[in-house]
Structures are given as C-alpha cells and as structure tokens.
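[1] Quick one, structure for this:
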Amino acid sequence: MTEEIRPPRLADQIAARLRELILQGVLRPGDRLAPERELAEKLGVSRPSLRDAVARLEASGLLVTTRAGTAVASFLAPLSEPIAALFEGDERVTTDYFEFRLMMETQAARLAALRATDVDLAAIRAQLAALEGAHGRADHGGEAAADVDLHMLIYEAAHNVVLLHMMRAVADLLRRGIFYSREQFYGRPGLRDAVMAQHREIAEAVLARDPDRAEKAADDHLRFIAGAIEDIRRDEGRQSAARRRVGRGDLIAG
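    Residues are numbered from 1 along each chain as shown. The predicted model follows:
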C-alpha cells in the first residue's frame, strides 16, 4: 500500500531554515535572535509555529532561551570544555596544535582564495582594516581578538561547514589561552610587526584570489608563530633556571 504523502509542517520548515543558518555560520553561538514577534514577521510565519520550531531546536541543543531571549547555544561547549581540561597546561600539546593548524588552515586559505564571494571578501577587507587599526594603537588585546576574527572569516570564506565548525572550536580554545598566551605573545618586542605583515599577506592573497599564494602565506605564518612560541618558552625556562640558581641559598645549609 502506498503511504500517504504529507506536506512538511510549517514548524518543521522553520526549524530546518534556522538549522541551516546555524550550519552555514550565519547564526553563530551566542547570537541572540530577534524578539518572537519581530522574527515571525521577518520570516512571514505565525508566532505559534515559530515557537514550536524554536522548541524543537532547543531540544536538539542548538538554541537556548533565557530571560534575555532566545540565542544560538554554545553547542560546541560539550566538545571544547573536556578538550580544554585535557590540553591545558601541557606544553607538548602546542606542537600538535600547530601541526593540526598547518593541515587545516593552509587548505582553508587556499579554499577561501578559490571560493570566497564578494561579500566574504568585503568582510575580510574590513577585518584587515580593524586589525591594522588595533596594531597601530598597540592595543595588544584588541589585536589578538582581531587576529582570531580574521582567521574565522577566512574559514567562513572557505565554504566548508565541517572545517568552519571544527576551527571555531579550536579558535575558542585559542581565545582562552589553552595553547599559549596571545597577549604575552603580542607584548614581545619585534613579533607584532612581523605577524601583522603575515596577516596582511594572507588576507591580500585571498583578496587577490590567488590560492597558491594564500596557502604559502598561511604556512609561513603558522611556522613563524610556532617557532616564536618555542623561543619564548625556551627563554622563560632559562630565566626560571637562573632565578633558581640565585635563590639556591634557601635550599642548602649555611
């Protein structure tokens, strides 16, 4: 017997549309949705149907509703929180982290140069200007944040949703200083200008739609950062050893 074909319920269609926007990175973790009445009008649907769709996405962990309203959930937290606890404080992880980024980010830059839309390129251009501004003001915290945002825009421009969400999780760990302190890095003399030039090269290669140049620029940048972090940690180890030698009198009999 042939099954009866039923049209999808409106709430299912709304939920699918919102899920697609989250998948594409249009709606990002932490983004608060417009108020129910306003959002229903924009989508051209009834408030009860919208409410039903939101409830479904809440049940699946993609949306969360509080007194402040409905927002995209930090749905990567169940993955990133245990990883942060596992990785934090282990310097060996940093080497593997840069190896992972070399594999992912060089290809992301290449794909971005091949696939970026005009909208993507405009966003990258604007973010590069924001990064240049923070660099010019010697705003280390602002520069570190703008650095991460520029990389995120390149991931988005690669138009690979698996890559986007995986690297969003990695970027969250980076913002939290799990692998190394970005503020400490930016405060080290001589590094800021070199890294700014590298970010400019990556962005300009993508803007020029030159995949080979973009891939090389990303590779050069990550190898430079990895080497600089290794140098910083080596220097810190030497400083610590020197302090211990100076303070050795506290450990031996006079």
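[2] which stretches of the stretch 1-150 of the chain have low pLDDT?
    Scanning the stretch 1-150 of the chain for pLDDT under 70 picks out 1-8, 89.
[3] can you map out the strands along it?
    Residue ranges of the strands in the stretch 1-150 of the chain, as given by DSSP state E, counting those that start in this stretch, are 63-66, 69-72.
[4] among these, which is nearest residue 39?
    For the strands of the stretch 1-150 of the chain, proximity to residue 39 was assessed by C-beta to C-beta; strand 69-72 is nearest, at 8.5 Å. (C-beta placed from N, C-alpha, C; glycine too.)
[5] What residues of the closest one count as buried?
    Of the residues in strand 69-72, 70, 71, 72 count as buried by neighbour count, 16 or more other C-beta atoms under 10 Å.
[6] would TSV of these with distance to residue 126 be doable?
    Formatted as TSV, the buried residues of strand 69-72 follow (distance: C-beta to C-beta, whole Å):
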residue	distance to residue 126
70	28
71	24
72	22
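[7] what's the closest of those to residue 44?
    Of all the buried residues of strand 69-72, residue 44 sits closest to residue 70, with 18.3 Å by C-beta to C-beta.
[8] Beta-bridge partners for the closest one, please?
    Applying DSSP bridges to residue 70 yields these beta-bridge partners: residue 65.
[9] Could I get the contacting residues of it?
    Taking C-beta atoms under 8 Å, 6 or more residues apart in numbering, we find residue 70 in contact with 32, 33, 36, 54, 63, 64.
[10] Let's see that with 7 Å instead.
    33, 54, 63 (C-beta atoms under 7 Å, 6 or more residues apart in numbering).
[11] Then residue 201?
    Counted by C-beta under 7 Å, 6+ apart, residue 201 has contacts residue 217.
[12] need the helices for the protein, in chain order.
    In the chain, the helices defined using DSSP state H lie at 10-23, 36-43, 47-59, 77-87, 92-115, 118-136, 140-157, 161-175, 182-186, 191-207, 211-246.
[13] circling back to that earlier point, from the contacts of residue 70, pick the one nearest residue 90.
    Among the contacts of residue 70, and counting by C-beta to C-beta, the member closest to residue 90 is residue 63, at 34.2 Å.
[14] thought the closest one was touching residue 73?
    Yes - counting by C-beta atoms under 7 Å, residue 73 is a contact partner of residue 63 at 5.8 Å.
[15] Neighbour count: these two, which is higher?
    Remark: of residue 63 and residue 73, residue 63 carries more neighbours, 23 against 19, as counted by other C-beta atoms under 10 Å.
[16] for the nearest residue to that one once chain neighbours are set aside, what are its contacts?
    Closest residue to residue 63 apart from its sequence neighbours, by C-beta to C-beta, 6 or more residues apart in numbering: residue 57 at 4.2 Å. The contact partners of residue 57, taken as C-beta under 7 Å, 6+ apart, are 15, 18, 19, 63.
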